[in-house]
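Enquirer: show me how the following folds:
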Amino acid sequence: MNTMRKIQLLLFAAAIGICATLAATESRGQGIDTAVKKVGKTGKKIGQKTASVAVKGASRITDNVYKGKVGPDGQTVYINKKDRKYYVDEKGKKIYLKESELRDKPEE
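Expert: The predicted structure is shown next:
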C-alpha cells in the first residue's frame, strides 16, 4: 500500500511539473513574439525613414526645387524633367501634385 501511495504522489508531482513547464514555455513564447513585433516595427520605421532621406537626396540632385511653393502640408516640392511637380512622403514615395494642390510658401 505504501508503494501505491508513492506512485500516486510521483505521478501527481510529474503532472504538476509538466503543467508548470507548459505554462512557462507559453508565456516565454509570448514575450519573444512581442519582442520580435517591436523589433519588426522599429526596423520598418527605420527603413521608411532611410528610403525617404535617400529619395529626397536624389531628388535634390536630379530635379529642381520649386522655390515659391510647398506641398499640401508644407513639404518641399520638386520639379522633374517632364515638368511634373511632386513631394516625397515619410515612406520615401513620390507623390505627384496638381497645380491646384500647390500652396504659396509662407514668409519666414
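
Enquirer: the lengthiest strand in the chain pairs with which strands, parallel or anti?
Expert: Counting by DSSP state E, the longest strand found in the chain is strand 64-70. When pairs are called by DSSP bridges, strand 64-70 turns out to pair with strand 76-79 (antiparallel), strand 103-104 (antiparallel).

Enquirer: distance from the chain centre to the last one, please.
Expert: Just to be clear, that refers to strand 103-104. Mean-position distance between strand 103-104 and its chain equals 31 Å (Cα atoms, centre = their mean, to the nearest Å).

Enquirer: out of the strands paired with strand 64-70, which comes closest to R60?
Expert: Shortest distance between R60 and the strands paired with strand 64-70, using Cβ to Cβ, is found for strand 76-79: 7.6 Å. For glycine as for every other residue, the C-beta is placed from the backbone atoms N, C-alpha and C.

Enquirer: hey, C-alpha coordinates of that closest one in PDB?
Expert: Extracted in PDB, the C-alpha atoms of strand 76-79 (Å, rounded to 0.1, in the frame of the first residue of the first chain):
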ATOM      1  CA  THR A  76       9.300  70.600 -50.300                       C
ATOM      2  CA  VAL A  77       8.100  70.400 -53.900                       C
ATOM      3  CA  TYR A  78      10.400  69.200 -56.700                       C
ATOM      4  CA  ILE A  79      10.000  69.600 -60.400                       C
END
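
Enquirer: good, we can wrap up now.
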